[in-house]
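> Got a sequence here, can you model it:
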Amino acid sequence: MKLTPEDKAMLLDMGHPEGDLEQIEEATYKTTYEYCGGRIGQKRALELLGRRSYLAGIGRSAFHFSAVQFTPQDEPIYFDSRRLFKTGKKS
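You can find the predicted model right below:
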């Protein structure tokens, strides 16, 4: 997903340096999400978490392989960005 100027401002406000933004944006294309024992899409993760919580999760996952964020109902959504770190053939 293309990060909007507002997304970038939020990520900078969270403490990410500007140099992190390209990798975070790339992670949005390669991350998978799990919720209630099953995979969900990025759009659903955004709906459940809200933009700020989603960006916090993808920002962490983009540099640490994975992350978890909680919905307002305290349900976990797992972010798995390991494909971002694979070398060699692109998947």
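> Could I get the pLDDT score of residue 26?
For residue 26, the pLDDT comes out at 96.
> what do you get for residue 87?
For residue 87, the model assigns a pLDDT of 73.
> how about it, secondary structure?
In three-state terms, and counting by DSSP: H, G, I helix; E, B strand; the rest coil, residue 87 is coil.
> Give me the neighbour count for it.
Neighbour count for residue 87, taken as other C-beta atoms under 10 Å: 5. All C-beta atoms are positioned from the backbone trio N, CA, C, and that covers glycine.
> For the protein, which segments count as helices?
Listed in chain order, the helices of the chain (DSSP state H) span 5-13, 21-30, 42-49, 51-64.
> which stretch among those comes nearest residue 36?
Of all the helices of the chain, helix 42-49 sits nearest to residue 36, with 9.9 Å by C-beta to C-beta.
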